[in-house]
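Chemist: Build me a model:
(one chain, ligands or ions: 1)
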Amino acid sequence: MAPRNVLVVGGGAAGAATAILLARAGVAVDLVEAAPDVTGSGSGITLQGNALRVFSDLGVLDDVLAHGYAFDVLGLRTPDGTVIAEFPDAKTGGDDLPATVGMPRAVMARLLLERAAAVGAKVRMATRLESVTPDGHASLSQVDGRAPLRSVSGATAQTYDLVVGADGLNSGVRSAIGIPTTPEPLGMGIWRVFTTRPASITRTDLTYGGAAYIAGYCPTGDDSIYAYLVEDAADRTGLSGDERLATMRDLAAHYGGPWTEIRERMTDAARVNYTWFTHHVVDGPWHRDRVVLAGDAAHSCPPTLAQGAAQALEDATVLADEVLRSDDLESALTAYCARRQPRAGAVVGNSVQLAHWLLAHEPPPQAGGTADVPGLMARTSALLSQRP
Ligand SMILES: Cc1cc2nc3c(=O)[nH]c(=O)nc-3n(C[C@H](O)[C@H](O)[C@H](O)COP(=O)(O)OP(=O)(O)OC[C@H]3O[C@@H](n4cnc5c(N)ncnc54)[C@H](O)[C@@H]3O)c2cc1C
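Modeler: Numbers count the residues shown, from 1 in each chain. Okay, the predicted model is just below:
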């Protein structure tokens with residue numbers, strides 16, 4: 001019998017998608033999200049065909065296309081802005097979907113959570129999981145929305161047939177069920193800015209090399225883009241907002257073409273974000289008894305292939321599929337992990353490989369090296385074109 005009641009911890013891509021699929025099938029779903037609203041989601045996100053295919057299954061594709069920015073071509077530029085290649089981006093979701101859609105993260109989060117509520121999930125913002133045990137006993141509390149989040153109510157407890165830990169990179173559910181894996185830094189950090197769209201930017205263009213390992217941008221709507229610069233990981237925690245803005249502007253000054261306009265539009269320190277690249281894949285089962293992991297809680301990759309959220313969405317599809325069609329929860333959760341671990345692991349491995357080539361300045365095969373970036377991308381696209 002499918003679980004009658006499910007607690008989903010976390011309202012990101014993995015949690016919201018899982019809630020939609022289970023609630024739509026008639027399961028009573030409580031989704032708790034510690035953040036008070038989605039506005040803290042910041043920046044933009046690149047969503048490839050395999051993510052769009054899941055959005056179609058979830059019933060949010062039309063809204064995603066209406067609010068995002070779709071494109072089918074990827075460009076490569078030199079640091080001075082010269083276009084050196086333009087090629088069709090792989091349509092991993094099928095020919096009837098765009099290759100890529102960029103959109104503001106907050107909009108993606110809003111669309112998914114609204115859909116979850118519309119199909120019957122009980123979505124509770126500013127509500128945090130305080131503790132969980134493998135038998136599904138969970139303790140929840142209301143939190144004060146201001147950072148750092150503080151509990152403002154006594155915890156209430158309930159036992160669920162299934163608890164889905166979709167609580168992100170530093171998952172508390174993961175540690176609560178005794179899985180020791182934690183994300184490992186990769187040695188790279190990324191500056192991101194979310195700003196207005198120069199008219200000339202109608203797709204992603206990437207520059208490998210120059211003052212940063214990667215300089216790139218992605219349109220996220222008619223009026224917005226996000227742009228990013230990848231550098232050696234540095235401790236940026238002590239910088240004020242203005243210092244962060246100045247540091248990213250200095251790095252951006254090494255790039256020409258559309259970067260000149262992007263840099264002029266980089267004026268709001270609150271729109272600049274810095275974070276490190278990490279990676280991990282939970283080895284062995286992704287569940288203990290009635291508690292299972294999904295999304296970044298189970299695996300994370302550097303965004304060199306822009307696949308983290310797409311893999312989180314695929315987790316949700318497979319988890320819901322297995323849970324809804326099996327009479328036995330243990331076998332369903334085992335089957336979910338067996339289907340997802342190799343594929344998510346391959347995507348993490350390929351994303352990490354790309355980062356390692358960049359860190360080592362590894363030349364391409366035609367220059368005597370091993371960095372076959374087009375080959376790796378083609379292999380990844382072929383994998384992602386198959387349904388999970
Ligand atoms: C720099 C960078 C760029 C990226 N770019 C892309 C990209 O372009 N495309 C792409 O596909 N992926 C990208 N990713 C990866 C992507 O952001 C993640 O893989 C994706 O957001 C994971 O979704 P999730 O739902 O698993 O976790 P999250 O989105 O992290 O959601 C987890 C949620 O759980 C909540 N939570 C945590 N603890 C609790 C608790 N105790 N109680 C209640 N709620 C809790 C958090 O508040 C959070 O909202 C990027 C990642 C990084 C770091």
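Chemist: what's the offset of whichever strand in the chain runs longest from the middle of its chain?
Modeler: The longest strand of the chain (DSSP state E) is strand 184-196. Centre-to-centre, strand 184-196 and its host chain are 13 Å apart (C-alpha atoms, centre = their mean, to the nearest Å).
Chemist: One more: stretch 381-388?
Modeler: 18 Å.
Chemist: contacts for that stretch?
Modeler: Contact partners of stretch 381-388, identified using C-beta atoms under 8 Å, 6 or more residues apart in numbering, comprise 48-50, 53, 90-92, 94, 307, 310, 314, 317-318, 339-340, 343, 346-347. No exception for glycine: its C-beta is placed from N, CA and C like everyone else's.
Chemist: Sort out for me which of those are in helices.
Modeler: Secondary structure from DSSP state H places 49-50, 53, 310, 314, 317-318, 339-340, 343, 346-347 of these in helices.
Chemist: which of the residues you listed lies closest to residue 240?
Modeler: Nearest to residue 240 out of these is residue 310 (C-beta to C-beta; 34.4 Å).
Chemist: Let me see the mean pLDDT of the longest strand of the chain.
Modeler: For strand 184-196, the mean pLDDT works out to 97.
Chemist: can you tell if that strand touches the ligand?
Modeler: Yes - judged by C-beta under 6 Å from any ligand atom, strand 184-196 comes into contact with the ligand through residue 190.
Chemist: Buried residues of that strand, list them for me.
Modeler: 186, 188-195 (16 or more other C-beta atoms under 10 Å).
Chemist: Give the ChimeraX command for selecting the buried subset of the contacts of stretch 381-388.
Modeler: Only the buried entries of these go into this ChimeraX selection, using 16+ other C-beta under 10 Å:
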select :48,49,50,53,90,91,92,307,310,314,317,318,339,340,343,347
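Chemist: out of the ones in helices among the contacts of stretch 381-388, who's near the ligand?
Modeler: residue 310.
Chemist: for residue 288, what are its contacts?
Modeler: Residue 288 sits in contact with 134, 177-179, where contact means C-beta under 8 Å, 6+ apart.
Chemist: now, which of the buried residues of strand 184-196 sits nearest the ligand?
Modeler: Checking these against the ligand with C-beta to the nearest ligand atom, the nearest one is residue 190 at 4.7 Å.
Chemist: Which residues does the closest residue to that closest one other than its chain neighbours form beta bridges with?
Modeler: Sequence neighbours aside, residue 230 is the residue nearest to residue 190 in space, at 5.0 Å (criterion: C-beta to C-beta, 6 or more residues apart in numbering). For residue 230, the beta-bridge partners are residue 190, residue 214 (DSSP bridges).
Chemist: Okay, now the unreliable bits of this structure?
Modeler: For the chain, the stretches flagged by pLDDT under 70 are 1, 40-41, 145-153.
Chemist: change it to 90
Modeler: 1-2, 37-42, 143-156, 237 (pLDDT under 90).
Chemist: State the pair within the ones in helices among the contacts of stretch 381-388 that is farthest apart.
Modeler: Farthest apart among these by C-beta to C-beta are 49 and 339. That separation is 19.4 Å.
Chemist: Distance check, the residue nearest to residue 190 against the ligand.
Modeler: Note on residue 230: its distance to the ligand, by C-beta to the nearest ligand atom, to the nearest Å, is 9 Å.
Chemist: and that residue, how many neighbours?
Modeler: Applying other C-beta atoms under 10 Å, we find 24 other residues in the vicinity of residue 230.
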